[in-house]
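In: kindly return the folded structure for what I paste below:
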Amino acid sequence: MPELVAHRRDYRVDLLRGVALMMIFINHIPGTFWEHLTSRNFGFSDAAEGFVLMSGIATALAYGPIFMRDRTPPMALALRPWRRVLTLWWVHVLVVLGILGLFFLTVQDPAVAAMSVKRNIARALEDPMLFVPALVALSHQFAYADILPLYIVLLLAAPAILAAGVRWPRGLMVASLLLWVVVGIFRIRVPTWPLDNGWFFNPLAWQVVFVAGVLTGLAMRQGQRWLPMRVWAFRLALAYLCLAAIWVQVPVVAAWGGHGLWMVHEYLGAPSVFTSFDKSFLHLPRLLHILALAYVLSALPALTRLSENPKLAPLVTLGQHALPVFAASTGLAYVAQVTKAMVGPSFLLDTALIAAGFAILFALAGWLSLRKTQRAAIPVEHRV
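Out: A predicted model of the protein is given here:
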């Protein structure tokens, strides 16, 4: 059995998750100046990949010890991630019903009506008796509110992934990669209903980055690294990150690079899963980018110092309350989108909306942290 080490909370994960939440909020309000400053403008992946990777790490840190102490733990302990699934599900339902209500009140505005079509909301407004049950069952999803269903599916699979990760970590990673390749080559989708659009965040493909996070977290609980630190690997990962940044920032490089990948696909027969940038199926350039970024960041001692800097404590707190913060940010982002549509483009309005959203999210995280501290101070027998 793997040996557990004394657990000390790694604030790097909280800090990076807080940063990812901020970038996701900005990216979920498209058409602002500020979205040009988020990570997706400097590489092939974006905050969503980082969020799922860190969710895998957090899942292993929280639930992995159960499987590391006992290869066949009691069912009630092994299925603890499923309790989190129930929370995720009702939070998601509240968020999407809130979004539906927001559009019901504002859809008379032509710009909002046009947005409702683009966001996959219009049909739900026309026939709520059919689409509300589909929303509740995760079978119909709104754009910019479709990450939580992915996380729900991944957490449903978490007990099996954790058990396999403890016993056969390399075998699990190989199996995960094979599934990712097969899904990408044959374009295997998770269907939706009543409209067969397929899940945008395809869990059959995105599981690979979640599994990578789980294996990383399991290694951390043993005081180890999943991927050992090597100078040549660090330099290679850093070179790939620099190439990706130049690629997305310099149009001529993107044109030549894209043409080169197209030639590899057309003339060498390489599957598109290796040569394109599809986000839904998490194609190779995006997958390699988030893994390279995680590898490089994990090797930087400065990141540890930053995560323990009191000045960045609010960001750490944001990452520690990822679920309520993410749910609130999704609703706030939609309020901002509707406001922008009704008022029109304005740098000052965009800035005010984003600043107000950040203020609410940080206040929410601070309040949750304070409540947790106060609850911990109450003797167990006196807690309600």
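In: where are the low-confidence patches of the stretch 1-150 of the chain?
Out: Low-confidence regions of the stretch 1-150 of the chain, defined here as pLDDT under 70, cover residues 1-7.
In: number of nearby residues for A294?
Out: Burial measure for A294: 23 neighbouring residues, criterion other C-beta atoms under 10 Å. (Glycine included, C-beta is placed from N, CA and C.)
In: check contacts around the closest residue to it other than its chain neighbours.
Out: Distance criterion C-beta to C-beta, 6 or more residues apart in numbering; nearest residue to A294, sequence neighbours excluded, is L53 at 6.0 Å. Taking C-beta atoms under 8 Å, 6 or more residues apart in numbering as the definition of contact, the neighbours of L53 are V209, F210, A212, G213, T216, I290, L291, A294.
In: just say helix, strand or coil for L53.
Out: On the three-state scheme (DSSP: H, G, I helix; E, B strand; the rest coil), L53 is labelled helix.
In: picking up where we left off before, can you tell me which of the contacts of L53 lies nearest to I378?
Out: Compare each of the contacts of L53 with I378 using C-beta to C-beta and the shortest gap goes to G213, at 33.4 Å.
In: buried residues, the longest helix seen in the chain. List them.
Out: Scanning the chain for the helix with the most residues, using DSSP state H, yields helix 347-376. Neighbour-count burial for helix 347-376 flags D350, L353, I354, G357, F358, L361, F362, L364, A365, L368, S369 (criterion: 16 or more other C-beta atoms under 10 Å).
In: show me how far the helix or strand where V183 lies is from its chain's centre.
Out: Applying DSSP states H and E as the criterion places V183 in helix 169-186. Mean C-alpha position of helix 169-186 versus that of the full chain (C-alpha atoms, centre = their mean, to the nearest Å) differs by 19 Å.
In: could you do stretch 185-203 as well?
Out: 18 Å.
In: repeat for stretch 198-205
Out: From the chain centre to the centre of stretch 198-205 is a distance of 13 Å (C-alpha atoms, centre = their mean).
In: distance between the ends of it?
Out: 13 Å (C-alpha to C-alpha, to the nearest Å).
In: and for that stretch, what's in contact with it?
Out: Applying C-beta under 8 Å, 6+ apart, the set of residues contacting stretch 198-205 from outside is 48, 141, 143, 146-147, 149-150, 153-154, 179-180, 183-184, 188-192, 279-282.
In: for V85, which non-adjacent residue is spatially closest?
Out: In space, and not counting its chain neighbours, V85 is closest to L155: 4.9 Å by C-beta to C-beta, 6+ apart.
In: where's that neighbour relative to G101, distance?
Out: Plainly put, L155 is 27 Å away from G101 if you go by C-beta to C-beta, to the nearest Å.
In: more crowded one of these two?
Out: Neighbours of L155 and G101, each counted by other C-beta under 10 Å, are more numerous for L155; the result is 23 against 10.
In: so which helix or strand takes in that one?
Out: Taking DSSP H and E as the definition, one finds L155 inside helix 147-156.
In: now the element after that helix, going C-ward?
Out: For helix 147-156, the succeeding helix or strand toward the C-terminus, using DSSP H and E, is helix 158-167.
In: what's in contact with that next one?
Out: Against helix 158-167 from outside (C-beta under 8 Å, 6+ apart): 1-2, 59-60, 63-64, 66-68, 71, 78-79, 81-82, 171-172, 175, 210-211, 214-215, 218.
In: 7 Å - rerun?
Out: Helix 158-167 is touched from outside by 2, 59-60, 63-64, 67-68, 71, 78-79, 81, 172, 211, 214-215, 218, with contacts defined as C-beta atoms under 7 Å, 6 or more residues apart in numbering.
In: go on, stretch 179-191?
Out: Looking at stretch 179-191 with C-beta under 7 Å, 6+ apart, the contacting residues turn out to be G198, W199, N202, P203, L204, A205, Q207, V208, P271, V273, F281, H283.
In: hang on, the earlier thing: redo the buried residues of helix 347-376 as a markdown table? Include pLDDT.
Out: Compiled in a markdown table, the buried residues of helix 347-376 are given as follows (pLDDT from 0 to 100):
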| residue | pLDDT |
| --- | --- |
| D350 | 97 |
| L353 | 98 |
| I354 | 98 |
| G357 | 98 |
| F358 | 98 |
| L361 | 98 |
| F362 | 98 |
| L364 | 97 |
| A365 | 97 |
| L368 | 96 |
| S369 | 95 |
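In: first to last residue in stretch 24-36, what's the distance?
Out: 12 Å.
In: and it, how far from the chain's centre?
Out: With C-alpha atoms, centre = their mean as the basis, the mean position of stretch 24-36 lies at 16 Å from the chain mean.
In: what's the answer for stretch 352-368, then?
Out: Stretch 352-368 has its average C-alpha position 19 Å from the chain's average C-alpha position, going by C-alpha atoms, centre = their mean.
In: which SS class is Y144?
Out: coil.
In: what is the burial count for the closest residue to it other than its chain neighbours?
Out: Take Y144 and drop its neighbours on the chain: the residue closest to it by C-beta to C-beta, 6+ apart is H28, 4.8 Å away. H28 is flanked by 21 other residues according to other C-beta under 10 Å.
In: report the contact partners of the closest residue to G217 other than its chain neighbours.
Out: For G217, the nearest residue in space outside its immediate sequence neighbours is A60; the separation is 2.6 Å by C-beta to C-beta, 6+ apart. A60 sits next to L162, V214, G217, L218, R221 when contact means C-beta under 7 Å, 6+ apart.
In: if we use 8 Å, what do you get?
Out: With C-beta under 8 Å, 6+ apart, A60 has these contacts: L162, G165, G213, V214, L215, T216, G217, L218, M220, R221.
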